[in-house]
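Trainee: please work out how this folds:
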Amino acid sequence: MRFSVLASGSTGNAIYIENDEHAFLVDAGLSGKKLESLFASIGRDMGKLDGILVTHEHSDHIKGLGIAARRHKVPIYANAKTWTAMDGLVGEIPVDQRFHFDMETTKSFGGLDIESFGVSHDAADPMFYVFHEHGRKLALITDTGYVSDRMKGIIGASDAYVFESNHDIGMLQMGRYPWSVKRRILSDVGHVSNEDAAVAMSEVLAEKPTRIYLSHLSKDNNMKDLARMSVEQTLQTKGIIVGDYVDLFDTSPTEATPLVVV
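Mentor: Residues are numbered from 1 along each chain as shown. Next comes the predicted model:
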């Protein structure tokens, strides 16, 4: 199993996952042209996708969904409430490309199992995914106001994580956002901070080589170096030393991470 975080942030999100038989995109939150450029940068072709898995209906996750699906005739998977919420946002999707992926279920594509689970976010029915193959595990979790014990049980002991580290609390509190937006971000249906993300990480990591990709960083209320430092320091207080068996990686809103094996 291989993956690349094609883009991550408030301006657009997309994650590519493949094995030797199948290829999937999780979210398509950028323009069709930008998505094709990102695919080309990792040497892959959108026309060979087996499906696009949708997490929720916010524009930074579905901006290019309709265009990509129609242009490349790719099946789209989403739960029923998310399909309803996307009506009018993604254009007409042919019936034969519309598939339901219920929350808290697993779909199997050959030797690749994809497990869905709910998160806490201000969307219709937001959910993320864990990919399983031959005992290896990749967990994707962003766009959640907190990480519950149920979520931790599902994503625990993964070999790689794409984990939200959205904001620095101090930057957010002192920043230019109106209080209503700050309150939404800090709420249980908003986004997790650097420190809260790290605490959750410390509770799901197993003592084995693990890659963590810090994702969905706010362009106004966070910085890559700050997120990395905050997460590293918080993990250290929990007895986890970055560089021992855990490695942290940055993601970008505009450039894909290298395709790596899980």
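
Trainee: correct me, but residue 42 touches residue 16?
Mentor: Yes - contact criterion C-beta atoms under 8 Å: residue 42 and residue 16 qualify, at 6.9 Å. Where you see a C-beta, it was placed from the backbone N, CA and C, and this is true even at glycine.

Trainee: anything in contact with each of those two?
Mentor: Here residue 42 and residue 16 have 4, 6, 256, 259 as joint contacts, going by C-beta atoms under 8 Å, 6 or more residues apart in numbering.

Trainee: hang on, the earlier thing: who's more crowded, residue 42 and residue 16?
Mentor: Between residue 42 and residue 16, counted using other C-beta atoms under 10 Å, the more crowded position is residue 16 (23 against 16).

Trainee: tell me how far stretch 250-262 lies from the chain's centre.
Mentor: 12 Å (C-alpha atoms, centre = their mean, to the nearest Å).

Trainee: ok, then the element right after the host helix or strand of residue 15?
Mentor: For residue 15, the host element (DSSP states H and E) is strand 14-18. Downstream of strand 14-18, the next assigned helix or strand under DSSP H and E is strand 23-26.

Trainee: parallel or antiparallel, list what pairs with the strand holding residue 15.
Mentor: Partner strands and pairing direction for strand 14-18 (DSSP bridges) are strand 2-7 (antiparallel), strand 23-26 (antiparallel).

Trainee: nearest to residue 157, out of those?
Mentor: Nearest to residue 157, of all the strands paired with strand 14-18, is strand 2-7, at 17.4 Å by C-beta to C-beta.

Trainee: and residue 65, how far from residue 52?
Mentor: 6 Å (C-beta to C-beta, to the nearest Å).

Trainee: show me which of the two is the more surrounded one.
Mentor: The neighbour comparison of residue 65 against residue 52 (other C-beta under 10 Å) goes to residue 65, with 29 against 26.

Trainee: so where does the nearest residue to the more buried one once chain neighbours are set aside fall, helix or strand?
Mentor: Excluding the flanking residues, the one nearest residue 65 by C-beta to C-beta, 6 or more residues apart in numbering is residue 28, at 4.3 Å. Residue 28 belongs to no helix or strand when assigned by DSSP H and E.

Trainee: what's the answer for the one 5 residues further on, then?
Mentor: Under the assignment given by DSSP H and E, the secondary-structure element containing residue 33 is helix 32-41.

Trainee: give me the contacts around that helix.
Mentor: Counting by C-beta under 8 Å, 6+ apart, 6-7, 12, 14, 16, 28, 30, 45-46, 64, 67-68, 71, 255-256 sit against helix 32-41.

Trainee: which among those residues end up buried?
Mentor: 6-7, 12, 14, 16, 28, 30, 46, 64, 67-68, 256 (16 or more other C-beta atoms under 10 Å).

Trainee: mind putting the residues you listed in TSV, pLDDT and distance to residue 82 included?
Mentor: Putting the buried ones among the contacts of helix 32-41 into TSV (pLDDT from 0 to 100; distance: C-beta to C-beta, whole Å) gives the following:
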residue	pLDDT	distance to residue 82
6	98	20
7	98	20
12	97	18
14	98	16
16	98	20
28	98	13
30	98	18
46	96	21
64	98	16
67	96	18
68	96	16
256	98	25
